[in-house]
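Enquirer: Sequence and predicted structure are below.
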Amino acid sequence: MADDRPLRVPNFKVEVDGKEISGEIRSTVQGVAFEEEINTASMFIIRLSTANLEKGSWRYLDLADFKLGSEVKLYMGMDKVEPMITGEVTSLEPSFGKEQSIIEVRGFDRLHRLRFGRKKRTFAGAKDSDIASTLAGDWGLSADAEDTGTVYPSIYQNNLNDFEFLLERAKRIRYEVMVDDKKLLFRKARENDAVSLTLEYRVDIDEFSCKLSTRYDANEVVVQGWDFMKKEAISAKAKEGNEVSKMSADETGTAMAKSAFGSSSSAVSAVIGEYLVDVSDAEKLAIARYNAQLVGFVTGEGKCQGIPGLRAGKNIDIKGLGKFSGTYYVTSTTHTIGSHGYDTSFKVRRVGV
């Protein structure tokens, strides 16, 4: 099939500590890459040739142009560039080969800072969103934390680094953690958002594979705990009908499993012993657990010509896949510019078909 897409030129820009790299340094760049995944620090990679044949010496090994802690801004695109990541250099990896010697400059966005050290401490009278804001401030970041509502008398951070602790709290209520430049984002999963891109197989997407698999998780989640103030049990359940979003699917994984396997798929998952404040807290947790089970019913991955706007945490609409066409949530992307051009690889998920 002929490729009728207009010819565009891969392009990138790199800034180090607020200044764009010189033309001389840019000429030694062999490739750049950006990788991101939900609830993980995003990463950049810059590959540079280290051999200076004119001077008979090595470039970049003096750590003058790139050094640990340097702020790096990477932009990528076709013709025009878009900002991809603001991060910090965390490793420098020279390698010396027979035909070529290079150095890889690697780094992460500022979410990586939360991995330093382990702590034991208690947060009293706080919401999870309050904790996110506190942790952001501890590491020199601002916070955009969606209100989580429930105030807990005390929450204990037990020998975890701040990233592990915040992710533990986020997963409990199906929130996501990420960083945009110097701002920590703590937010609900975005499967219910509007579609940001529409892509079509063989027009925009070169390769795509997906998997629909039986979910052995229960089709009903019951959360049980104890109210220490009222001295009474707390219970809440979530089931079919409590989906946050069906993502344009005709049937969810739960409904398809019930249709295919009947009563044998009608199990109940009980979450017992949770620290709960009230019934509202239990309901929130039950709905979060139920929806966490749904989102992996269909998973997929694809590859296309570079699209800088194809990013994790966004919904896309994929066409040309028959029954598998529809809305997908992007969970990770990898953007690569090199001798081959500019490619974007991505992984997605949805709740049904």
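Expert: Received it, and whenever you're ready, just let me know what you need.

Enquirer: any idea how far I287 is from L92?
Expert: Distance, L92 to I287, by CB to CB, to the nearest Å: 46 Å. For glycine as for every other residue, the C-beta is placed from the backbone atoms N, C-alpha and C.

Enquirer: okay, these two: which has more neighbours?
Expert: I287 (21 against 17; other CB atoms under 10 Å).

Enquirer: Now the more buried one. Its backbone dihedrals?
Expert: Phi and psi for I287, reported as degrees, to the nearest 10, are phi -60, psi -40.

Enquirer: residues contacting it?
Expert: Neighbour list for I287: 238, 242, 244 [criterion: CB atoms under 8 Å, 6 or more residues apart in numbering].

Enquirer: If you rank these by neighbours, which is first?
Expert: Neighbour tally across the contacts of I287 (other CB under 10 Å): the maximum, 23 neighbours, falls on A238.

Enquirer: what are the ranges of the strands in the stretch 51-200 of the chain?
Expert: 51-52, 57-58, 71-78, 80-96, 101-109, 119-126, 142-145, 152-160, 175-180, 183-188, 195-200 (DSSP state E, counting those that start in this stretch).

Enquirer: Kindly format the C-alpha coordinates of the longest one as CSV.
Expert: Backbone C-alpha positions of strand 80-96 (Å, rounded to 0.1, in the frame of the first residue of the first chain) are rendered in CSV as follows:
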residue,chain,number,x,y,z
LYS,A,80,7.6,21.9,14.3
VAL,A,81,8.6,20.7,17.8
GLU,A,82,6.5,20.3,20.9
PRO,A,83,7.7,20.1,24.5
MET,A,84,8.0,16.5,25.7
ILE,A,85,9.8,16.6,29.1
THR,A,86,11.6,18.8,31.5
GLY,A,87,13.9,16.6,33.5
GLU,A,88,17.2,16.2,35.2
VAL,A,89,20.3,14.3,34.2
THR,A,90,20.6,11.2,36.4
SER,A,91,23.2,9.1,34.5
LEU,A,92,26.0,9.5,31.9
GLU,A,93,26.8,6.3,30.1
PRO,A,94,29.8,6.3,27.7
SER,A,95,30.5,3.2,25.6
PHE,A,96,33.5,2.6,23.4
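
Enquirer: Which positions in that strand come out as buried?
Expert: 84-90, 92 (16 or more other CB atoms under 10 Å).

Enquirer: where's the spatially most central residue of the chain relative to G341, distance?
Expert: Centroid check for the chain by CA atoms, centre = their mean gives I38 as the closest residue, at 1.5 Å. Distance of I38 to G341, computed by CB to CB: 27 Å.

Enquirer: With T333 instead?
Expert: From T333 to G341 the distance is 16 Å (CB to CB).

Enquirer: ok, these two, which is more surrounded?
Expert: Comparing T333 with G341 by other CB under 10 Å, the one with more neighbours is T333, at 23 against 13.

Enquirer: For the more buried one, which non-adjacent residue is spatially closest?
Expert: Of all residues not flanking T333 in the chain, F346 sits nearest, at 4.6 Å (CB to CB, 6 or more residues apart in numbering).

Enquirer: how many neighbours does the closest residue to L184 other than its chain neighbours have?
Expert: Nearest residue to L184, sequence neighbours excluded (CB to CB, 6+ apart): A136, at 3.9 Å. Neighbour count of A136, defined by other CB under 10 Å: 24.

Enquirer: residues contacting A136?
Expert: 142-143, 145, 183-184.

Enquirer: what's the closest of these to K80?
Expert: K80 lies nearest to K183 out of the contacts of A136, by CB to CB, at 24.2 Å.

Enquirer: And the nearest residue to the closest one once chain neighbours are set aside, how far from Q305?
Expert: Closest residue to K183 apart from its sequence neighbours, by CB to CB, 6+ apart: S142 at 4.9 Å. S142 is 35 Å from Q305, where distance means CB to CB.

Enquirer: cool, and Y60?
Expert: Applying CB to CB to Y60 and Q305 gives a distance of 30 Å.

Enquirer: The two: which is more packed in?
Expert: Using other CB under 10 Å as the criterion, Y60 and Q305 rank with Y60 on top: 20 against 16.

Enquirer: Over to stretch 168-177 now: how far is its first residue from its last?
Expert: From its first residue to its last, stretch 168-177 covers 10 Å (CA to CA, to the nearest Å).
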